[in-house]
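**Student:** okay, here's the prediction I keep looking at, along with the sequence it came from:
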Amino acid sequence: MFEAVKDVLKYRRQFLDLLVGVPNYERYVEHRKECHPGEPIQTREAFFREAQEARYNAKGGKVSRCC
């Protein structure tokens, strides 16, 4: 029962993050481990700082992506 509630809360948070445009740190970590093994992974704070910078201060209106 506790695991089911935990899963619901996890998916609720992911949904709300996507709704307001906040990227998912856990998904970022999985992607880095899978597609860029051996490269450093940013801290949660650095990840969100960079995401906010990219979202609100995009240079020339361009969106940059990893892949």
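**Tutor:** Ah, there it is. Numbers count the residues shown, from 1 in each chain.
**Student:** go through stretch 43-59 and flag the buried ones.
**Tutor:** 47, 51 (16 or more other Cβ atoms under 10 Å). No exception for glycine: its C-beta is placed from N, CA and C like everyone else's.
**Student:** and stretch 19-36, by the same measure?
**Tutor:** Quick answer for stretch 19-36 (16+ other Cβ under 10 Å): 25, 28, 32.
**Student:** show me what contacts the first one?
**Tutor:** In this case it means Tyr25. Applying Cβ atoms under 8 Å, 6 or more residues apart in numbering, we find Tyr25 in contact with 44, 47-48.
**Student:** name the nearest of those relative to Val5.
**Tutor:** Closest to Val5 out of the contacts of Tyr25 is Arg44 (23.6 Å), distances taken as Cβ to Cβ.
**Student:** how about the helices in this structure?
**Tutor:** Taking DSSP state H to define them, one finds helices in the chain at 2-20, 25-35, 44-56.
**Student:** next, format those as JSON lines and append mean pLDDT.
**Tutor:** Supplementary listing: these in JSON lines, determined by pLDDT from 0 to 100:
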{"stretch": "helix 2-20", "mean pLDDT": "80"}
{"stretch": "helix 25-35", "mean pLDDT": "90"}
{"stretch": "helix 44-56", "mean pLDDT": "83"}
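**Student:** spatially central, which residue of this structure would that be?
**Tutor:** Asn24 (2.6 Å; Cα atoms, centre = their mean).
**Student:** quick check: phi and psi at that residue.
**Tutor:** phi -90, psi 120 (degrees, to the nearest 10).
**Student:** any idea of the pLDDT on it?
**Tutor:** Here, the pLDDT recorded for Asn24 equals 83.
**Student:** wait, what's in contact with it?
**Tutor:** Neighbours of Asn24 in contact, by Cβ under 8 Å, 6+ apart: 14, 17-18.
**Student:** also Tyr28?
**Tutor:** Contacts of Tyr28 by Cβ under 8 Å, 6+ apart are 41-42, 47.
**Student:** adding distance to Lys10, write the buried residues of stretch 19-36 out as CSV.
**Tutor:** Listed next are those as CSV, based on distance: Cβ to Cβ, whole Å:
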residue, distance to Lys10
Tyr25, 13
Tyr28, 16
Arg32, 20
